[in-house]
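>>> Need coordinates for the below:
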Amino acid sequence: MTRLIITGVFSALFFSSTFVLNRAMSLQGGHWLWSASLRYLYMFAMLSAWLVLTGKSRLLWEVFATYRRNWCFWTIAGSTGFGVFYSLLTFSSSFAPGWVVATTWQSTILATPLVLLLFRKRVPMRGILFTLLIFTGIVLVTCEQATAASWRETMLGIVPVLAAAFAYPLGNQLVWEARHGSMAFIPKVESGVLDNSIGRVLIMVIGSLPFWVVLTVVLRPPAPTGGQLLNTAIVAVFSGVIATTLFFKARHLARTPFELSAVDATQAMEVVFSLLGEIIFLGGAWPGYAGGAGVVLSLLGLVLYVRSQAIAD
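The predicted structure follows:
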C-alpha cells in the first residue's frame, strides 16, 4: 500500500506542473492557445518517436489506420476529451492562479456521474454527500478569488474549468463506448490500438489535432514565446508522459477496490502541489481563510468520495 501511495503522490506532483506552468506562461504574456496546442504537438512527436525507437512502428501505423477508418468519430472524441478540455483549462489560467484552477478541477468527480447518466449507465448514489463537500470547497475558493479580482475575471477563471471537467470524462466515455460497441450512434471500433495505453492516448492526440488547427486559424494568436516552447515541452513530459505513466502503474499494481480508491485519492495532492509551486516559483500568496477552508473541504470530499466507492464495491 505504501508503494502505491508514494507512486500516486509522485504522479500528482508531476500532474501539478500543468497548473503551475500554465499560470507562469500566462503571467509572462504568452497566449493561452499555444500553451494548450503545443503540449499535444509535443506529445504526438514524443509518442510517435517512442514507438519507432522501441521497435513498435507497427502499432503506430495501426493507430493511423484506425483513425482513418473512423476519422469523424476520433476527431469528435479527441477534440472533446483533449481539445475542449485542455483549451478551457489553459484559458482559465489567464484569469486565475494555478491553485484555484487545480481546486476547481476537482469538480470532475461531480461531472463524471452525470456523463455516465448521459450514456444511460447506472451511477452509484453512495458518496453524493461527499461531492457536496467538494462543491462547497469550490464555492469558498471562488468567493475568495472574487475578493482578489473582479467577478468577471473570477468567472473567466473558474467557469471554463467547470466546463472542462465535463469535457474530459465525456471524451473518455466516447472511447469506452466505441471499444464496447454499446451505443447505436457510436461506431464499434475493433482494434488492438484500444488495448494499448500508448495507442489510446496517441489516437486521441491525433483526433484533437484538427481542433487545434481550426482554433489557431480562427484566433490567429501572436507567435509563441521562447518560454512557451520550453514550458509546454516540460508540461508534455511531466504531465503527459511521466505523471500518466506513474498513475496508470499505480492503478495497475492495485489489487483491491480500497487500494484503487487510495490511488485515486492521491490525485487530490495536485491542489497542494499547485499551491506550493505557485508560492515557491511564482511568488504567489497563501490563500486566506475562505480559500484555505475551500481547499481542505475539496480534498476531504474527494478522499471520502473515493473511499465510499471502495466500500460500495
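>>> residues in contact with Thr103?
137-138, 141, 271, 294-295, 298 (C-beta atoms under 8 Å, 6 or more residues apart in numbering). C-beta here means a position set from N, CA and C on the backbone, and glycine is covered the same way.
>>> What distance do you get for Gly30 to Tyr67?
30 Å (C-beta to C-beta, to the nearest Å).
>>> ah, wrong one, I meant Pro287
For Pro287, the distance to Tyr67 - C-beta to C-beta - is 43 Å.
>>> returning to what we had before: who has more neighbours out of Gly30 and Tyr67?
Each of Gly30 and Tyr67 has its neighbours counted (other C-beta atoms under 10 Å); Gly30 has more, 25 against 21.
>>> nearest residue to the more buried one other than its sequence neighbours?
Closest residue to Gly30 apart from its sequence neighbours, by C-beta to C-beta, 6 or more residues apart in numbering: Gln228 at 4.2 Å.
>>> Verify the contact between the one you found and Leu38 for me.
Yes. Using C-beta atoms under 8 Å, Gln228 is in contact with Leu38, at 6.6 Å.
>>> among the contacts of Thr103, who's most crowded?
Result: Val141 is most packed of the contacts of Thr103 (other C-beta under 10 Å), 31 neighbours.
>>> Wait, that one touches Tyr289, no?
No. Using C-beta under 8 Å, Val141 is not in contact with Tyr289; the gap is 11.6 Å.
>>> how many neighbours does Trp71 have?
Burial of Trp71 is recorded as 13 neighbouring residues (other C-beta under 10 Å).
>>> Ser107 too?
By other C-beta under 10 Å, the residues close to Ser107 number 22.
>>> Would you list the phi and psi of Leu60?
For Leu60, the backbone dihedrals are phi -60, psi -50 (criterion: degrees, to the nearest 10).
>>> meant to ask about Arg220
Torsion angles, degrees, to the nearest 10, at Arg220: phi 50, psi 60.
>>> distance of it from Val237?
28 Å.
>>> the more surrounded of the two?
Applying other C-beta under 10 Å to Arg220 and Val237 shows that Val237 carries more neighbours, namely 17 against 9.
>>> for the closest residue in space to the more buried one that isn't next to it in sequence, what are its contacts?
Leaving aside its sequence neighbours, Val237 sits nearest to Met46 (C-beta to C-beta, 6+ apart; 7.4 Å). Residues near Met46 by C-beta under 8 Å, 6+ apart: 236-237, 240-241.
>>> Where does Met46 fall, secondary structure wise?
helix 32-53 (DSSP states H and E).
>>> Show me what counts as buried in that helix.
32-44, 46-48, 51 (16 or more other C-beta atoms under 10 Å).
>>> okay, that helix in CSV with CA atoms only?
The C-alpha trace of helix 32-53 is given here as CSV (Å, rounded to 0.1, in the frame of the first residue of the first chain):
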residue,chain,number,x,y,z
TRP,A,32,-3.1,30.5,-23.8
LEU,A,33,-3.7,28.8,-27.2
TRP,A,34,0.0,28.0,-27.6
SER,A,35,0.2,26.7,-24.0
ALA,A,36,-2.5,24.3,-24.9
SER,A,37,-1.9,23.2,-28.5
LEU,A,38,1.9,22.9,-28.3
ARG,A,39,1.5,20.3,-25.5
TYR,A,40,-0.3,18.0,-27.8
LEU,A,41,2.0,18.6,-30.7
TYR,A,42,4.9,17.6,-28.4
MET,A,43,3.0,14.6,-27.2
PHE,A,44,2.3,13.5,-30.8
ALA,A,45,6.0,13.8,-31.7
MET,A,46,7.2,12.1,-28.4
LEU,A,47,4.8,9.2,-28.5
SER,A,48,5.4,8.5,-32.2
ALA,A,49,9.2,8.7,-31.7
TRP,A,50,8.9,6.3,-28.7
LEU,A,51,7.0,3.7,-30.8
VAL,A,52,9.6,3.9,-33.6
LEU,A,53,12.6,3.8,-31.3
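>>> and that helix, average pLDDT?
Averaging pLDDT along helix 32-53 gives 95.
>>> ok, Phe273 - contacts?
Applying C-beta under 8 Å, 6+ apart, the residues near Phe273 are 12-13, 16.
>>> what helix or strand is it on?
Assigned by DSSP H and E, Phe273 belongs to helix 269-282.
>>> From the contact counts, what lies against the helix or strand containing Ile134?
If you go by DSSP H and E, Ile134 is part of helix 128-148. Judged by 3 or more C-beta pairs under 8 Å, 6 or more residues apart in numbering; DSSP states H and E, the packing partners of helix 128-148 are helix 98-105, helix 108-118, helix 151-180, helix 289-312.
>>> Would you mind finding the most buried of those?
Among the helices and strands packed on helix 128-148, helix 98-105 has the highest mean neighbour count (mean count of other C-beta atoms under 10 Å), at a mean of 30.
>>> and it, average pLDDT?
On average, helix 98-105 scores 93.
>>> and it, how far from the chain's centre?
12 Å (C-alpha atoms, centre = their mean, to the nearest Å).
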